[in-house]
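>>> Take a look and give me a structure for this.
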Amino acid sequence: MTDFDDDEKIAPLKPEGRRRTAFHDRALTVAGLLLAGASAVFPWYVFFNEDKFGINVAQGDHTRDLPDWPARNVFSVSPLAMANRNQQDKPEVPVDPMTTATVSSIGKEDDKGMPAEEQPFPGNSGFRLLHVANGRALIEDTSGMYVVRVGSILPDESRLATLEERDGKWVIVTSKGDVYQRN
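Below is the predicted model of the structure:
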């Protein structure tokens, strides 16, 4: 006889809770199938009920007219020179009265010609007329687009004198007498 021989045959133990795990497996399977079915049907529900899920676009004026706000004067063509309309009160920084350097003589008149501050700009800075509507004109130069009206300062340092329609095309006339026509 060996240690492996049994005196009595014993039936193997039945696992307890097998019924409970089978129920959980079936419940998860049903839930997964329901979720998969809902995922397949939901896009069709959205497609047929667009009014409930669509993007509501505000109705407005779909013309290309310029807005009816007052134009700003164009003093500089640089975007960095735009004034901040939301100025906040900044505390003044005290100035140190002690002189620590010498003042430059750049710009003072000497034998080379007139001072730099009095020299005219080299040539006209060209701009072009894009659109005219509601007493305002949209102009463009190399640094950006501007909305101007009669009396506004233009990039060539003249003022907008009039907006006229000549031969069915809009033109602007500057205070220097230059005429710019829409291309």
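>>> so what's residue 31 scoring on pLDDT?
As predicted, residue 31 sits at a pLDDT of 96.
>>> count of neighbours near it?
10 (other CB atoms under 10 Å). C-beta coordinates here come from the backbone N, C-alpha and C atoms, glycine included.
>>> Could you tell me how far it is located from residue 43?
20 Å (CB to CB, to the nearest Å).
>>> need the next SSE after the longest helix belonging to the chain, C-terminal direction.
Scanning the chain for the helix with the most residues, using DSSP state H, yields helix 18-48. Next along the chain after helix 18-48, taking DSSP states H and E as the criterion, comes helix 50-53.
>>> buried ones in the following helix or strand past that following helix?
Where DSSP H and E defines the elements, the next helix or strand beyond helix 50-53 is strand 128-133. Within strand 128-133, the residues scored as buried using 16 or more other CB atoms under 10 Å are 129, 131-133.
>>> Can you list the low-confidence ranges for this structure?
1, 3-6, 15-20, 56-67, 74-125, 183 (pLDDT under 70).
>>> domain ranges for the chain?
The chain breaks down into these domains under automatic domain parsing: 19-50, 69-77+124-183.
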